[in-house]
Each structure stands twice: as structure tokens, then as C-alpha cells.
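> No letters, just coordinates:
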């Protein structure tokens, strides 16, 4: 593998965000031409029935020409979520045994149920 091939794979600057079973990796990398781009990788841990585990990874590549619009839309979407639902995380909804009916015990049968909040970003959807 030549020096240029090594440079393409070299991480210039990296940050890690651990969030429960999910880990997000933010990596600045260099192209063959020496320009920089960003990769964002979501890694999610899954446990198999036998107790072993595996990871599923999803990656997006973000290039400089898209930064401004990407940042603008990301800020708009995150602001919307915080404005609508606040910053509090309803942790019970994230547990495997959460039952929606238990969450809505105070609501009557003819009232609409509480809407599900969007708290898990799946990079496959971006």
C-alpha cells in the first residue's frame, strides 16, 4: 500500500460520543488530493441469545460543499425537537419491556395517545 493510500485512510482529527448502546465516531479524513471530509459512524451494540455480542455500523460521508446546508438543517431539526419535547429523555420508552399502554394510564379511551418522541438518529435515514 503506497503512502497516498495510507493518507486517504488516516484520521486527521477524531472525536467519540458514547451514548448507551450507541457510539458515534466523528472522523476528519483526507482525500488523495489532500482535501478534508468528515465521516460520521454510528456503531450500535447488539447482544445475541448466547450472550455474545456484535456491532452494526452505519456511516455517512460529509463533504465541505455540503457543510453549510447540513449544519443548517441539523440545527433546525434539533431545535424543533427540543422546542416540541424539551430536553428531558423519557428513559422508560427506551427499555425493551416498555408498554405504551402503561405510559398512557391517565388518558381516557377517547383521547389520543401521547405521540412517540424522536430521540434516536438512524444514519440510514439521512
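Nice, I can see it. Keep in mind that what you see is a predicted model, and the values were worked out from it rather than measured.

> any low-confidence regions in this protein?
Along the chain, the model assigns pLDDT under 70 to residues 1-10, 91-126.

> now the strands for it?
Assignment of strands within the chain using DSSP state E yields the ranges 11-19, 22-30, 36-47, 53-63.

> And the second one, what's buried?
Along strand 22-30, these residues count as buried under the neighbour rule (16 or more other CB atoms under 10 Å): 23-25, 27, 29-30. C-beta here means a position set from N, CA and C on the backbone, and glycine is covered the same way.

> what do you get for the third one?
Neighbour counts using 16+ other CB under 10 Å place 37-38, 40, 42-44 of strand 36-47 among the buried residues.

> strand partners of that strand, parallel vs antiparallel please.
Strands flanking strand 36-47 in the sheet, each with its direction: strand 22-30 (antiparallel), strand 53-63 (antiparallel) (DSSP bridges).

> Is it possible to get TSV of these that adds distance to residue 73?
Output for the strands paired with strand 36-47, formatted as TSV (distance: least, CB to CB, whole Å):
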stretch	distance to residue 73
strand 22-30	17
strand 53-63	12
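
> and of those strands, who's closest to residue 76?
Nearest to residue 76 among the strands paired with strand 36-47 is strand 53-63; the distance by CB to CB comes to 16.6 Å.

> for the residue nearest to residue 54 when sequence neighbours are not counted, what are its contacts?
With CB to CB, 6 or more residues apart in numbering as the measure, residue 46 is the residue that lies nearest to residue 54, at 5.6 Å, once sequence neighbours are left out. With contacts taken as CB atoms under 8 Å, 6 or more residues apart in numbering, residue 46 has the following neighbours: 21, 53-56.
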